[in-house]
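Trainee: below is the sequence, then the predicted model.
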Amino acid sequence: MSQIVDYKLADVGEGIAEAEVIEWLVAVGDSVSEDQPVIVIETDKSQIEIPAPVSGKVLELCVVAGDVLAVGASLMKIEASGEITNDISSHVSHSTPSLSSATATEHSVADSSPGVRATDIRPLASPSTRRLAATLGVSLENVLGSGPNGQITADDVQAAVTSKVDIQSASQKVAPTTVEPGVTVIPLRGLRRQIAASMSEALTIPHILEFKEIDATALLALRSDLSKDFEALGQKLSVTPFLMRACVLALAKHKTFNARFDSQVAEIAQFENVNLGFATATDDGLIVPVIQNAQKFSIKELSQETDNLAALAKSRKASVDQLSGGTFTLTNFGSFGTWLGTPIIHAPEVAIAGFGRITEKVLAVDGIPTVRMVLPIVVAADHRVNDGAHLGAFVSEIADLLLRPLSLLENK
Amino acid sequence: MVVGEMPSSVDLLVIGGGPGGYVAAIAAAQLGRSVVLVDSNGETGLGGVCVNVGCIPSKALIELAHATHSIENWSQRGMKISGQPSVDMKDFQTWKTEVVSGLNGGVRQLLKTAGVEVRQGFFRFTRKDQGVLEFGEAPPTHIQFNNCIIATGSRPTMIAELPHDGKRIIDSSDVLNLDVLPKTIAIVGAGYIGVELGTALAQLGSKVFMIEAGERILPALPATLVAPVARRLTEIGVEVRTKTTVVSDDGRELTVTTAGVTSQIEVDYVVVAIGRTPNTDDLGLEVLGVKPNARGILEVGADLLVTPKIAAIGDITPGPALAHKASAEAHIAAEVLSGHAARFDPTAIPAVIFSDPEIAMTGLTHDEATAAGYSAQVAMFPMAASGRAFTLGDKAGFVQLVHTADGVVLGAQIVGPRASEFIAEVTLAIEMGASLQDLADTIHPHPSMSETLPEAARVGMGFPIHVSPKRQRNNSEGK
């Protein structure tokens, strides 16, 4: 006798509480084979194809494009054609980011979130509320009930709609629409929506900022020296790997900045390893790939890994692992010609370093006005975790390392 | 194109006039659709198996049987009638026909008022949006539709050993048309239909043999629910043979085998009531690219669609083959095909068995709730502690509520008099997410059988009034 598999969205990666449905690759009635990709979801800035858990026939698609799903939400029902032996939650290959040497126990919200275990427990909701949810295209699995025993009310469903943009065209391809001459309305979807959500979340972080300008003459000279080796290999060496290395070494001394803050349980997790995120502009929007264990990388390796991850991010092919687990982030807005900016912390991290454009400036060198290449540095920190004095010391450490760039080549 | 094949255009076509089809037709008409309903029995088929040869006539027979049988009980409680009570099946058939034709005529009138056109014939798909309606010698007519709802229902499942002849070897529908009470009758299959018919016939005075291949009667139900019914069947003289299968029938004796031992049962009639087969075989579904599963069921999802333009409802879709489930799906199908984002997504579907005592269920059993991942508990209240059950002279059975540790009601199983009349309250409670406290704090009329619900709720909360808390704790469903 055939078995019907209720296929649920599994925990696809650390700290990821939800994912957005991009498109179905199969339709009701289709035959699918085990591991055949059936749905594309977007989570934490990467798009993932989720494979079928079993071979069989698609009976029902429980979600439509545009739905934002919580872990544990039903994706589809499959009539299995054979024996079912494996776990039937969606399986996306990933490993937990290596935070094993964390100096403190990490608790993230996702760790305690329910729904990782697949069950048939139905959300509590009355028939009229279910009808409303169906009409509005809201999946009750994704709604938090405010009623007794967690019952979902009509108001909860309405609230879920408000937080979910453009429900009417949920199953349609997102396209700008012209509502009146000269006005184009673009539904906030996919990566843009995630950026909007995480930037709004960042608003809750009390930022403090520290600015510094340093003489980058020695840094540029070193890069110029090392570039020759790279050019021989047909590669380019930018300043970024040096900036990364400076941050990594500075973080080794100032661990309170290599951390994640969980405001829900009021705990700071500090890490020995640096999982270094770097802001990358893509056609779809900002993505932050993460170099895991960046302290183990030389300048050359950082350069190669950065190029590699940036390429993956730009083609939207980076894996969940490559986009999550960051403990500190760096943004090099100088590469866009920006003199200096005020970077926004990538929650739940507690600090972000920004580097501006290196330009010629007149500096006082031994009392004489001298034209030098000047690098503007800014670090934004979460004031709940670090104070101005801590930040000053941290930024000075970065500056010192960049002023003595040979130190960046030591202690690999 | 051949002239005879010029199709007539229909906005929404409903195939089948049963409790799925006629409700779908009216619901669609109310949504502004222009509806044509086809049924192989035409207007006389409206109401389907349910109204004409199923639920309704069988309940009429069961009521007659119950009333006749209860005279015996009530004679000990003051009722005096002269002579022996007897049953005239011809008179019963006259009354039953009035009941059936009254309801059938009612459906006919409702469809007329709704503007639904009814045509007679067997419909078969010839294209994804077209089919042919055939009836007797009349030239077939072709119908092209924008949308279609398939509501063809089911028929009694027959077995090769017992070929249906409508005289001696009959099905459940034939039983309801008998104008003579059988002296002896064998009922093959002790599912709910077999148990209902067997109980009624035994109460009316037939000698009933019940043949069941499973280990007990009503094998699909939890054992605890079945025990009071099994006891009552024995009391009224039904001979139940479980683990028994039919070998053959020679027109006089039915040969059966029980654990390798063959025996003969001499009976006037043999009723085959082993289940129902979905009517999906002669619909030309292959042109739609749709194939029923091995049991003949069309595997639809919550939108009930088999193609973007065609929905299926009722006994031909997954779930219990019950009239009220078909009617509930009918509304959803009409809405989905009319562009509404409706889903057939009930939390609980009630089911009632008109056995003696009645069995009624809704939502999850304890085992189902546990399997679904709930940390489920069971609260039981016996009918023997109900004042109303005392006055009805029938204290068999119990109410059982399945609930979470937080007291959220997940299911109910009721065995007892009039169980069918108050199971709906628990269905509503489940759909509304009500808790034991909600049930307990809702004032129920006294005396009524429904009072057993708040009592059971209080058992679950640990503070029952009419039973001892200690005695009632740690009840579980068992198997």
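Mentor: Structure's in. What do you need? Here the structure is a predicted model, which is why all the values come from computation and not from measurement.

Trainee: quick one: distance of stretch A:382-395 to the chain centre.
Mentor: Relative to the mean C-alpha coordinate of its chain, stretch A:382-395 is positioned 24 Å out (CA atoms, centre = their mean, to the nearest Å).

Trainee: what does the average pLDDT come to for that stretch?
Mentor: In this model, stretch A:382-395 has an average pLDDT of 95.

Trainee: stretch B:405-415 now?
Mentor: Stretch B:405-415 comes out at a mean pLDDT of 96.

Trainee: repeat that for stretch A:308-316.
Mentor: 88.

Trainee: contacts for that stretch?
Mentor: Residues outside stretch A:308-316 that contact it (CB atoms under 8 Å, 6 or more residues apart in numbering or on different chains): A:45-47, A:278, A:280, A:282-284, A:287, A:289-291, A:318-319, A:322-323. Where you see a C-beta, it was placed from the backbone N, CA and C, and this is true even at glycine.

Trainee: please repeat the previous calculation with a cut-off of 7 Å.
Mentor: A:46-47, A:280, A:282, A:284, A:287, A:289, A:291, A:318, A:322 (CB atoms under 7 Å, 6 or more residues apart in numbering or on different chains).

Trainee: now, which of the residues you listed sits nearest chain B?
Mentor: Lowest distance from chain B to those (CB to the nearest CB) belongs to residue A:47, with 25.5 Å.

Trainee: surely the closest one is in a strand?
Mentor: Yes: checked against DSSP: H, G, I helix; E, B strand; the rest coil, residue A:47 lies within a strand.

Trainee: pLDDT score for it?
Mentor: pLDDT, residue A:47: 75.

Trainee: for it, grab the count of nearby residues.
Mentor: Neighbourhood size, residue A:47 [other CB atoms under 10 Å in any protein chain shown]: 18.

Trainee: for it, which non-adjacent residue is spatially closest?
Mentor: residue A:316 (5.3 Å; CB to CB, 6 or more residues apart in numbering or on different chains).

Trainee: shaky segments in the stretch 251-400 of chain A?
Mentor: Within the stretch 251-400 of chain A, no range satisfies pLDDT under 70.

Trainee: which residues in it form strands?
Mentor: Assigned by DSSP state E, counting those that start in this stretch, the strands in the stretch 251-400 of chain A fall at A:259-262, A:267-270, A:276-278, A:280-281, A:286-287, A:290-291, A:328-331, A:351-355, A:359-365, A:368-382.

Trainee: in TSV: those, plus distance to residue B:340.
Mentor: Shown next, in TSV, are these (distance: least, CB to CB, whole Å):
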stretch	distance to residue B:340
strand A:259-262	43
strand A:267-270	48
strand A:276-278	45
strand A:280-281	43
strand A:286-287	39
strand A:290-291	45
strand A:328-331	47
strand A:351-355	48
strand A:359-365	62
strand A:368-382	48
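
Trainee: so for chain B, which of the ones you listed sits nearest?
Mentor: Closest of the strands of the stretch 251-400 of chain A to chain B is strand A:259-262, at 27.5 Å (criterion: CB to the nearest CB).

Trainee: report all helices and strands that that closest one contacts.
Mentor: strand A:267-270 (3 or more CB pairs under 7 Å, 6 or more residues apart in numbering or on different chains; DSSP states H and E).
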